[in-house]
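Novice: Have a look; sequence and predicted model below, questions after that.
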Amino acid sequence: MYVWCATTKLDNIPGSGILYLREATRFRVATGRRCLALPQSKEAHMADRSKIVDVLVIGSGAGGMSAAVTAGKAGLDVLVVEKEPVFGGTTATSGGVLWVPGTRYAQETAKQLGIEDSTEAARRYIEQEAGNHLDRDKVDAFLAACPQMVDFMERETEVKFHGMAFPDYHADAPNAGIVRSVGTQPYTAAELGPETKRLKNELPQTLFLGLALGSSLEMKYFMKAGRSPKAMAYVARRMLAHIWDVVRHGESQKFVRGRALIARLARTAFDLGIPIWTESPAKRLIRHDGVVTGVEIDTKDGPVTITARHGVVLAAGGSIRDTARRREVYPGIMACIDAVSPAPMGNTGDGVRMAEQVGGRYTSDVTNVAAWMPVSKLPGATDFTGVWPHLVDRQKPGFIMVLSNGKRFVDEATSYHDLVPAMVAAFEAEKLDACWLIADARGLKRWGMGFVRPFPIPHGHYLKSGYLLKGRTLGELARKAGIDAAQLENTVATFNANAEKGEDPEFGRGSFTYDRYQGDDEAQPNPCLGPLKQAPFYAVRIYPGDIGSFAGLRTDGKARVLDDAGAPISNLYAVGNDMVSVFGGAYTGAGAMIGPAMTFGWLAAQDIAERAGKTLP
Ligand SMILES: Cc1cc2nc3c(=O)[nH]c(=O)nc-3n(C[C@H](O)[C@H](O)[C@H](O)COP(=O)(O)OP(=O)(O)OC[C@H]3O[C@@H](n4cnc5c(N)ncnc54)[C@H](O)[C@@H]3O)c2cc1C
């Protein structure tokens, strides 16, 4: 191996004993196993297909971007590589909510509500939820770090949160709380600047004429617009501002929820000089003598070798789109179904596979291998844009869910993560595979149903496409859907009689704190219950879907990837959905994915910084 160069500087990868050639202005390198040349300019590196950084982050969702900005703030030289042409991952399309107990927001909201909450209570709640899958050290690390992470982000970066009074998903269990989630404050295209064109958009199907709805209050105004002058006035104002944006800029200039979170993180990254290389999928980790020293990536201009002196952070969003892995670890019928998911097509488990190739260990030893979501899909849908996550309709008065035998099987207002396992268990018990969300005319008009928007938005094309079925009677609807008609009539008659009294003796719908939070606050005596009696009746088929992986790489409290023996692999970290769920596969409350993603991203960067002799500001 020979190197000719005018000026050189040697870099060392700590712990590896490996020297790298940095800053070569004129050189010729015969490819060597231990010597890579690094030109300084981007053009030069593209010509020579190599680059040295302190930290390489794979994936630009919440996990990766949290690690990137934290490492950048510690003074490290960071590069983020992203497979898609846009940055933001699932996170950009998400609610942008984080479950992070013990923050100052939790304290403030608890004070406002006159209640108490503590990290200790959150710890006990997590213990109950995780059961046998509890990783105590990791939970301790998470709980200790999340208030610090939130403070750090708000102090050092563009990220700004707001407190929420959102009940945990098992809010009536001992030690549950209602103040542990935080939301992300909106942001604007003007603040992000020209990079807006590379910022991933919301799920297009959830936009209303190109407009993304922010808070749940805003969503309520939109749903009530057809029947409340106050709501209509709000919607009119919001739409006018949006139309003005579209006329001037071609699209909405306001970012909300997950898109605002990514835009805020990206603004900080760019301010720190951290590039995000889009269309640059990581392909393979490079490992020497037990130390991960870099990554091979593809770019539009060909492969590039990145040397990461202090750490590689896997944040590639987990294995939700890895069909082989689904076949292996998903339970029962779920193993046979290809992803019916609003998650991005690019989350194909690359991070997990790359880690396995260098000794990392994937584990599906969790209560749930994924975060579940009941979804519907447009006929012929081939990707995530044709899939609807049923987050807000099924909990409302005038809706029920039945199997094709016409029977209910679940409290329809329960969390999405609990509803899908109930559906799968019912399929297996009854040897069926179809489930329907049914509404009467009033329910559909008030709340819409999946892709179908509330009154006055027309829904004729959904009837035409077969997404939405309609019957003048329940019997007619049942025959169109292939549901047992006599049983459906029976089920609805029983449900209605109880709903009028505000009761659901079979499944207790609306008797749980979480249910009521999702209900219609104007409905009495039970916000989740109302009879289905106004014809025509409607049905949409519901599938058991998922929104992200809970099975993933075994990691420790510093997000270091562990090998078979449980020892950390030097320089390799995994965060977000590449890392096995810190809650052992439980969905503790709103934000139970992005909260840990950002917290372990922060922890990973903190460990890298310490090892590099740097401190966080
Ligand atoms: C509609 C919806 C709403 C949601 N709302 C919430 C919420 O409010 N709160 C919450 O906690 N969770 C929510 N979730 C789940 C949450 O969004 C995800 O679990 C979380 O954002 C995952 O973060 P991540 O950083 O692990 O991955 P992602 O955000 O998916 O980012 C991973 C990135 O890695 C990239 N990538 C993949 N392979 C490679 C490769 N080889 N090289 C380079 N890049 C690669 C991907 O393209 C992607 O951009 C929601 C999910 C959905 C679908």
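Specialist: Received, thanks. Every value quoted in this text rests on a predicted model; they were computed, and no experiment measured them.
Novice: Low-confidence bits of this protein, can you list those?
Specialist: Scanning the chain for pLDDT under 70 picks out the ranges 1-48.
Novice: Try it again at 90.
Specialist: Counting by pLDDT under 90, the low-confidence segments of the chain come to 1-49, 204-253, 332-334, 336-339, 433, 455-457, 521-522.
Novice: What is the neighbour count of D77?
Specialist: Using other CB atoms under 10 Å, D77 has 18 neighbouring residues. Quick note: C-beta positions are derived from backbone N, CA and C, even for glycine.
Novice: what comes into contact with stretch 84-92?
Specialist: For stretch 84-92, contacts defined as CB atoms under 8 Å, 6 or more residues apart in numbering pick out 59-62, 64-65, 80, 82, 198-202, 258-259, 261-262, 266, 276, 278-279, 317, 343-344, 346-347, 547-548, 577, 594, 597.
Novice: Now restrict those residues to buried residues only.
Specialist: Using 16 or more other CB atoms under 10 Å as the burial test, the contacts of stretch 84-92 include 59-62, 64-65, 80, 82, 198-202, 258-259, 261-262, 266, 276, 278, 317, 343-344, 346-347, 547-548, 577, 594, 597 as buried.
Novice: Next up, identify which helix or strand L240 is on.
Specialist: L240 belongs to helix 229-249 when elements are defined using DSSP states H and E.
Novice: and the buried ones among the contacts of stretch 84-92, which of them are in helices?
Specialist: Among the buried ones among the contacts of stretch 84-92, the members falling in helices are 62, 64-65, 258-259, 261-262, 266, 594, 597 (criterion: DSSP state H).
Novice: Show me the subset of those residues that also lies near the ligand.
Specialist: Counting by CB under 6 Å from any ligand atom, 62, 64, 594, 597 from these sit close to the ligand.
Novice: got a list of what the first one touches?
Specialist: This points to A62. 89, 91, 258, 261-262, 265, 576, 594, 597-598, 601.
Novice: now, the most widely separated pair of those?
Specialist: Spanning the widest gap among those are G258 and G601, at 14.8 Å by CB to CB.
Novice: In JSON lines: the contacts of A62, plus distance to L98.
Specialist: Shown next, in JSON lines, are these (distance: CB to CB, whole Å):
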{"residue": "G89", "distance to L98": "15"}
{"residue": "T91", "distance to L98": "10"}
{"residue": "G258", "distance to L98": "10"}
{"residue": "L261", "distance to L98": "8"}
{"residue": "I262", "distance to L98": "13"}
{"residue": "L265", "distance to L98": "12"}
{"residue": "G576", "distance to L98": "12"}
{"residue": "I594", "distance to L98": "5"}
{"residue": "A597", "distance to L98": "8"}
{"residue": "M598", "distance to L98": "6"}
{"residue": "G601", "distance to L98": "11"}
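Novice: about what we covered before: of all the ones next to the ligand among the ones in helices among the buried ones among the contacts of stretch 84-92, which comes closest to I115?
Specialist: The closest of these to I115 turns out to be I594 (CB to CB; 24.1 Å).
Novice: That closest one contacts L261, correct?
Specialist: Yes. Using CB atoms under 8 Å as the test, I594 is close enough to L261 to be in contact (7.5 Å).
Novice: Strands of the stretch 451-600 of the chain, start to end?
Specialist: Ranges of strands within the stretch 451-600 of the chain are 469-471, 537-549, 552-553, 560-562, 568-574, based on DSSP state E, counting those that start in this stretch.
Novice: Paired strands for the first one, with orientation please.
Specialist: Right, strand 469-471. The pairing partners recorded for strand 469-471 under DSSP bridges are strand 537-549 (antiparallel).
Novice: In a markdown table, list the ones next to the ligand among the ones in helices among the buried ones among the contacts of stretch 84-92 along with distance to R554.
Specialist: Output for those, formatted as a markdown table (distance: CB to CB, whole Å):
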| residue | distance to R554 |
| --- | --- |
| A62 | 21 |
| G64 | 19 |
| I594 | 21 |
| A597 | 17 |
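Novice: Which residue is the nearest non-sequential neighbour of M598?
Specialist: Distances taken as CB to CB, 6 or more residues apart in numbering put S66 closest to M598, at 4.1 Å, once the chain neighbours are dropped.
Novice: just checking, that neighbour touches A605?
Specialist: Yes. Applying CB under 8 Å as the test, S66 and A605 come out as touching, 7.5 Å apart.
Novice: Tally up the residues packed near A478, please.
Specialist: For A478, the tally of surrounding residues (other CB under 10 Å) stands at 26.
Novice: and whichever residue of the stretch 201-350 of the chain sits closest to the ligand, what is it in contact with?
Specialist: The minimum distance from the stretch 201-350 of the chain to the ligand, using CB to the nearest ligand atom, falls at G317 (2.9 Å). Residues near G317 by CB under 8 Å, 6+ apart: 59, 61, 63, 89-90, 343-344, 346-347, 351, 548-549, 576-578.
Novice: circling back to that earlier point, so which elements touch the helix holding L240?
Specialist: The helices and strands touching helix 229-249, judged by 3 or more CB pairs under 8 Å, 6 or more residues apart in numbering; DSSP states H and E, are helix 216-224, strand 254-255.
Novice: can you list contacts of the shortest one?
Specialist: If you take CB under 8 Å, 6+ apart as the criterion, strand 254-255 is touched by 186-189, 192, 199, 212, 214, 241-242, 245, 263.
Novice: let's see 7 Å
Specialist: With contacts defined as CB atoms under 7 Å, 6 or more residues apart in numbering, strand 254-255 is touched by 186-188, 263.
Novice: ok, T615 to the ligand distance?
Specialist: T615 sits 25 Å away from the ligand, taking CB to the nearest ligand atom, to the nearest Å as the criterion.
Novice: Tell me which residues touch that residue, please.
Specialist: 74, 609.
Novice: near the ligand, which residues of the stretch 201-350 of the chain show up?
Specialist: Counting by CB under 6 Å from any ligand atom, the positions of the stretch 201-350 of the chain adjacent to the ligand are 203, 281-282, 315-318, 342-344, 346-347, 350.
Novice: Looking at those residues, which one is closest to T305?
Specialist: Nearest to T305 among these, counting by CB to CB, is A282 at 11.1 Å.
Novice: which residues does that closest one bridge with?
Specialist: In beta-bridge terms (that is, DSSP bridges), A282 pairs with I297.
Novice: who touches stretch 180-188?
Specialist: With CB under 7 Å, 6+ apart as the test, stretch 180-188 has contacts from 96-101, 103, 105-106, 117, 122, 150, 160-164, 166, 168, 214, 253-257, 260-261, 263-264, 589-591.
Novice: Show me which of the residues you listed are buried.
Specialist: Neighbour-count burial (16+ other CB under 10 Å) applied to the contacts of stretch 180-188 gives 96-101, 103, 105-106, 117, 122, 150, 161, 163-164, 166, 168, 214, 253-257, 260-261, 263-264, 589-591.
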